[in-house]
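Q: quick one, fold the following:
(one chain, ligands or ions: 1)
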Amino acid sequence: MIEEIEQLKREKNAVILAHNYQRAEVQDIAEFVGDSLELARRAMDTSAEIVVFCGVDFMAETAAILNPDKKVLIPDAGAICPMAQQLHADELMAMKRKYPDAEVVLYVNTLAASKALADCICTSANAREVVNAMSSSTVIFGPDRNLAYYVQKATDKTVIPVPQHGLCPSHHQIVLSDVLRAKEAHPDAKVVVHPECIPEVQDIADYIASTSGMVRICKAHDSGDEFLIGTEIGLLHRLNKEAPAKKFFPISNTAVCPQMKMHTLENIALALEKEEPVVSVPPEIAARARRAIERMFTI
Ligand code: SF4
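A: Numbers count the residues shown, from 1 in each chain. Here you go, the predicted model:
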């Protein structure tokens, strides 16, 4: 299967980009593995004609928006992020009417139609810098309430979350008692978590960072060090591969994103062979969403 995929990639001038939460075997055949910000940049930098995007719907949409001249494929079109579905345009518009002077920053985990309504997009890697760069003192922020909590603490802005209870179901699995239990078992380990985790978990962590930020933090520590990892467990594969002299333990084994795991070697080979499913965004939505994404890149 791997040989078949490699051959199809060569024949079709295709590249595979995989998110840090992908299955181990999918990460291993990708040209690049990273967080959503890095994947968006890589999709723009590649000279390949076809980008096979192993991530969820909003990530593939972002790649398609930024690369109208490339064919973006998503191996399983059912890889739909539940958090991105939680933000509804009418709710966002109501918030804009309530706070007419506030700029709108949306997490990249939103659908293109929502991005088109934003002043700027952010990822977990740059949310603090993006919100700080807004000219308004109040910022409407969605859809992740936990990332909004992180941004509120890290900036001087008044952050208004929309919707009120947006969350990632996978990170919601990681609770304070999991962290306490893990710390008891590994008292010397550093706690490294993603800002999609709930406030109680963020507050007890040594570090809060995006997935690739978590990898950089762990790699910068001395060999032999131990880490308790609070994010989707797919990141453990990359951590073990890139820092084999260190020990990594998931805070919760149930922090699994089923949507991220939908891409397999079989459906990647099929997508490359048939060149479908193709990800496309209506041009008028893509143009407006692109403005908000490019403002993030400028910041
Ligand atoms: S881990 Fe959470 S935010 Fe990321 S794709 Fe899965 S459900 Fe969406």
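Q: from residue 266, how far out is the closest residue to residue 265 other than its chain neighbours?
A: Nearest residue to residue 265, sequence neighbours excluded (C-beta to C-beta, 6 or more residues apart in numbering): residue 1, at 4.5 Å. No exception for glycine: its C-beta is placed from N, CA and C like everyone else's. Between residue 1 and residue 266 the distance, using C-beta to C-beta, to the nearest Å, works out to 7 Å.
Q: again, but for residue 110
A: Counting by C-beta to C-beta - residue 110 and residue 266 are separated by 30 Å.
Q: the more surrounded of those two?
A: Between residue 110 and residue 266, residue 110 has the larger neighbour count (other C-beta atoms under 10 Å), namely 29 against 13.
Q: wait, that one sits on residue 85?
A: No - applying C-beta atoms under 8 Å as the test, residue 110 and residue 85 come out as separate, 9.3 Å apart.
Q: tell me the phi and psi of the most centrally placed residue in the chain?
A: Closest to where the C-alpha atoms of the chain average out (C-alpha atoms, centre = their mean) is residue 36, at 4.3 Å. Main-chain torsions, residue 36, degrees, to the nearest 10: phi -70, psi -30.
Q: find the nearest non-adjacent residue to residue 133, please.
A: Nearest to residue 133 is residue 299, by C-beta to C-beta, 6+ apart, at 4.6 Å.
Q: ugh, wrong one, I meant residue 148
A: Nearest to residue 148 is residue 161, by C-beta to C-beta, 6+ apart, at 4.1 Å.
Q: over to residue 152?
A: Using C-beta to C-beta, 6+ apart and skipping the chain neighbours, the partner closest in space to residue 152 is residue 159 (4.2 Å).
Q: how about that neighbour, secondary structure?
A: strand (DSSP: H, G, I helix; E, B strand; the rest coil).
Q: who's it bridged to?
A: residue 139 (DSSP bridges).
Q: so it touches residue 151, yeah?
A: Yes - in this structure, residue 159 is within contact of residue 151 by C-beta under 8 Å, at 5.4 Å.
Q: the more surrounded of these two?
A: Comparing residue 159 with residue 151 by neighbour count (other C-beta under 10 Å), the higher total belongs to residue 151, at 25 against 22.
Q: need the residues touching each of residue 159 and residue 151.
A: Both residue 159 and residue 151 are contacted by 131, 139, 141, under the criterion C-beta atoms under 8 Å, 6 or more residues apart in numbering.
Q: element containing the first one?
A: For residue 131, the element it lies in under DSSP states H and E is helix 127-133.
Q: and that helix, average pLDDT?
A: What helix 127-133 shows for mean pLDDT is 98.
Q: what sits up against it?
A: 105, 107, 120-122, 139, 141, 147, 150-151, 154-157, 159, 195, 296, 299.
Q: swap the cut-off to 7 Å and go again
A: Defining contact as C-beta atoms under 7 Å, 6 or more residues apart in numbering, one finds that helix 127-133 is touched by 105, 120, 122, 139, 141, 147, 150-151, 154-155, 157, 159, 296, 299.
Q: again with stretch 73-93
A: 50, 52-54, 56-58, 60, 109-111, 113-114, 117, 142-144, 162-163, 166-169, 259-260, 262-263, 267-268, 271, 275-279.
Q: that one vs the ligand: in contact?
A: Yes - shown here: stretch 73-93 in contact with the ligand (C-beta under 6 Å from any ligand atom) through 81-83.
Q: the single longest helix found in the chain - contacts with which helices or strands?
A: Counting by DSSP state H, the longest helix found in the chain is helix 283-298. If contacts are counted by 3 or more C-beta pairs under 7 Å, 6 or more residues apart in numbering; DSSP states H and E, helix 283-298 sits against helix 57-66, helix 112-115, strand 120-122.
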